[in-house]
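> Take this sequence and fold it.
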Amino acid sequence: MVRTADLLPLAVAVPLLGAVVLVVGGRWLPRVAIDTLVTVWALLEVVGLSWLWLRTGDGHSVSWLGGWSPVHGESVGIVLAGDRIGIGLALLTSALVLAVVVYSWRYFDEPPVEHAGTFPALILLFEAGMCGFALTGDLFDAFVFFELMGAVAYALTGYRIEDPRPVQGALVFGVVNSLGAYCSLLGIGLVYARTGELGFAQIGVKLAGHRSDALLSVAFVLIVTGLLVKAAVVPLHFWLPDAHSVAPTPVCMLLSGVMVELAVYGTVRVYWVVFSGPHGIVQPHLRATFVAAGVLTALVGAVMCWQQRHLKRLLAFSTVAHVGLFLIGVALLTPAGTAGVALYVAAHAGVKAALFATTGVLLDRHGSVDEHGLYRRGRDLPFAGALFAVGGLALAGLPPFGTALGKAVTEHAAEERFPWLPAVFVCVSALTGAAVLRAGARIFAGAGPRPRERYAGPETTGGGEEPEIRAPQRRIPVPMLAVPAVLLAGALAVGLLPGLGAALARAARQFTDRTAYTAAVYGRPVAPSSPVPDVGWSAEGVLLALASTVLAALLAAAAVWGPALRSPLAARVGAVCEAVGRRVVVPLRQLHSGHLGDYVAWLAVGVAVLLVAMTV
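Model prediction:
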């Protein structure tokens with residue numbers, strides 16, 4: 001009989017072993033065999049993590065690798081510790097990897113024989129890093145798994161090495177994220193010097209006996225810097241749109257769908273277990289700092305999303321905006337905020353991956369992801385257009401999608417301390433959803449007059465791209481349309497299944513209980529003491545969700561048909577928008593210069609601001 005704890009190391013070992021098999025055997029196996037093998041391996045991971053999720057229940061699963069369990073409270077072993085939030089995030093990762101694998105069955109050209117298994121092997125290696133990060137209970141191993149994830153992401157971003165643009169995007173990705181990783185490693189060194197421990201729970205116990213000081217605050221800021229870089233929190237976000245605009249579409253599905261969310265998860269996990277003790281980081285100080293960072297990230301991402309005509313960059317900035325909303329929710333430091341974000345992330349992963357998948361269909365049929373250049377050219381893809389529109393509505397928060405439920409729960413949790421935050425959620429959701437609906441209406445329905453560029457700026461248009469299949473005359477393969485449809489159905493299920501919401505509510509209560517986590521790692525489980533938050537639909541939540549959806553539709557309609565109006569009111573509104581664009585939007589766009597030196601400078605600024613905010 002397999003013990004529940006034995007499933008934890010298998011969650012990492014299974015995709016690692018699959019990657020080895022594909023690299024070694026890929027040169028001898030036909031393409032169909034490779035696709036079948038990687039699909040079976042990805043499915044095994046989903047089944048194993050589903051079993052682990054069910055067997056763990058509302059407790060914790062803990063596995064000390066090699067049997068090196070603590071003796072008299074001291075430990076030298078590596079521990080994996082999973083609760084329903086961590087295991088659920090690993091399960092979400094594995095489900096998205098399975099979707100990407102199926103989507104990629106006929107996505108790329110037939111690769112050279114010596115590289116036949118490279119792409120699926122990298123995908124499985126990426127999965128191993130993400131699942132290991134979600135399940136580790138050790139600070140240094142979290143760093144190792146996160147850097148494994150990052151190294152594979154660099155390779156996947158620059159997978160098309162014959163094109164210089166992916167290589168450039170991967171270089172920016174690699175340099176900026178590596179600098180963030182160095183900060184994290186330095187912070188880990190400071191914590192180890194203070195405590196002599198690397199396990200989350202063990203560090204938390206040791207720090208509980210120390211008074212809070214500047215070293216502790218600096219260590220926390222340095223550790224989370226690497227995580228916030230990968231989460232693309234402003235002003236550490238510049239690498240993300242550049243990487244998304246050049247990465248293969250299946251890779252974008254994983255980067256936006258789950259990788260950046262994992263970084264937000266890591267930030268909160270480190271805080272709750274390691275730094276939230278009686279002498280740790282002061283909660284009000286942390287809450288104010290991270291809520292402010294979340295609001296800034298959400299607004300910058302939403303404004304930049306609206307300004308894009310390159311569809312991949314549009315969706316990338318939408319990810320930045322929603323990461324800001326996720327950061328706001330977890331920064332509330334309440335079980336209700338965490339539960340809302342858990343629901344939001346689960347649904348957002350399916351919606352965002354589906355939108356990227358549909359964009360991939362456009363790229364391979366028309367060799368472009370330029371909203372202006374694709375005007376009316378998508379009318380031969382009605383099903384893809386319907387999926388794109390549904391994705392835009394779900395992104396805007398249309399009930400009963402899980403994005404609407406997660407947004408509603410988070411808004412309700414936020415308004416208790418910050419009554420103005422629901423307005424931020426509504427505006428950001430509406431603006432990002434409107435950008436998708438605007439692009440969909442022009443491309444798939446040919447609505448409105450031919451668009452024109454209002455502001456000159458340093459952005460790529462998305463025209464003249466190389467089709468990633470290089471056979472645009474062929475019929476669109478069924479998996480490339482079936483996968484986004486299933487992903488959107490999954491996002492809908494998150495909002496409709498009350499059992500899932502209730503399970504995540506209990507998981508959020510457990511996740512924010514430092515004592516329960518520490519006791520489980522030391523083999524003395526205790527029940528969480530705080531009440532379970534309410535995560536059901538409310539009248540207020542539905543009304544706010546409908547408000548953001550209606551606002552998104554109105555903004556999209558104004559952008560599509562507004563230029564054709566000849567009324568004095570439309571002219572005045574247009575003049576105001578033009579003035580705001582010239583004075584606010586253009587400078588903001590110019591900050592996204594594409595120059596690596598600028599991005600490194602902003603990384604230094606972000607670290608400095610965090611240090612000042614957390615230590616003063």
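> Confirm that Ser63 sits in a strand.
Yes - judged by DSSP: H, G, I helix; E, B strand; the rest coil, Ser63 forms part of a strand.
> And the helices in the stretch 101-250 of the chain?
Secondary structure of the stretch 101-250 of the chain (DSSP state H, counting those that start in this stretch): helices at 118-135, 139-157, 164-195, 200-207, 214-230, 239-246, 249-254.
> possible to save the ones you listed as a markdown table with mean pLDDT?
As requested, the helices of the stretch 101-250 of the chain are exported to a markdown table (pLDDT from 0 to 100):
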| stretch | mean pLDDT |
| --- | --- |
| helix 118-135 | 91 |
| helix 139-157 | 89 |
| helix 164-195 | 85 |
| helix 200-207 | 86 |
| helix 214-230 | 90 |
| helix 239-246 | 87 |
| helix 249-254 | 91 |
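> how many neighbours does Leu543 have?
Residues lying near Leu543 (other C-beta atoms under 10 Å) number 12. No exception for glycine: its C-beta is placed from N, CA and C like everyone else's.
> Please identify the helix or strand for it.
helix 539-561 (DSSP states H and E).
> My guess is Pro451 contacts Leu374. True?
No - using C-beta atoms under 8 Å, Pro451 makes no contact with Leu374, being 10.3 Å away.
> Find residues that contact each of these two.
Counting by C-beta atoms under 8 Å, 6 or more residues apart in numbering, the residues touching both Pro451 and Leu374 are Arg442.
> more crowded one of these two?
For Pro451 versus Leu374, neighbours defined as other C-beta under 10 Å are more numerous around Leu374 (23 against 17).
> Can you read off the pLDDT for the residue nearest to the more buried one when sequence neighbours are not counted?
Nearest residue to Leu374, sequence neighbours excluded (C-beta to C-beta, 6 or more residues apart in numbering): Ile443, at 4.5 Å. pLDDT recorded at Ile443 is 93.
> Go ahead and confirm Thr267 touches Val224.
Yes - Thr267 lies in contact with Val224 (C-beta under 8 Å); the separation is 5.0 Å.
> Might one say that Glu45 is in contact with Val97?
Yes - Glu45 lies in contact with Val97 (C-beta under 8 Å); the separation is 7.2 Å.
> Could you give the number of residues near the nearest residue to Ala519 once chain neighbours are set aside?
Nearest non-adjacent residue to Ala519, counting by C-beta to C-beta, 6+ apart: Val526, 4.6 Å away. If you count neighbours by other C-beta under 10 Å, Val526 ends up with 12.
> And what about Val526, helix, strand or coil?
Going by three-state DSSP: Val526 is coil.
> now do the one 5 residues further on
Local secondary structure at Pro531 is given as coil here, using three-state DSSP.
> what's the answer for the one 5 residues further on, then?
Secondary structure assignment for Gly536 (three-state DSSP): coil.
> Pro498 is in contact with that one, correct?
Yes - contact criterion C-beta under 8 Å: Gly536 and Pro498 qualify, at 7.1 Å.
> so how far is Ala128 from Val390?
For Val390, the distance to Ala128 (C-beta to C-beta, to the nearest Å) stands at 32 Å.
> between the two, which one's more packed in?
For Val390 versus Ala128, the count of surrounding residues by other C-beta under 10 Å is larger for Ala128: 26 against 23.
> Name the nearest residue to the more buried one, sequence neighbours excluded.
The nearest residue in space to Ala128 (C-beta to C-beta, 6+ apart) is Pro15, at 4.1 Å.
> Give me the neighbour count for the one you found.
29.
> Name all residues that make contact with it.
41-42, 45, 97, 124-125, 127-128, 131.
> Let me know the distance separating it from Val144.
From Pro15 to Val144 the distance is 15 Å (C-beta to C-beta).
> now the helix or strand containing Ala413, how far from the centre of its chain.
Using DSSP H and E, Ala413 maps to helix 402-415. Offset of helix 402-415 from its chain centre (C-alpha atoms, centre = their mean, to the nearest Å): 17 Å.
> tilt between that helix and helix 539-561?
120 degrees (axes from the mean of the first three to the mean of the last three C-alpha atoms, to 10 degrees).
> helices or strands next to helix 402-415 in the packing?
Helices and strands touching helix 402-415, by 3 or more C-beta pairs under 8 Å, 6 or more residues apart in numbering; DSSP states H and E, are helix 311-331, helix 335-366, helix 382-396, helix 421-444, helix 478-496, helix 539-561.
> so Leu333, which of the three states?
With three-state DSSP as the basis, the three-state label of Leu333 is coil.
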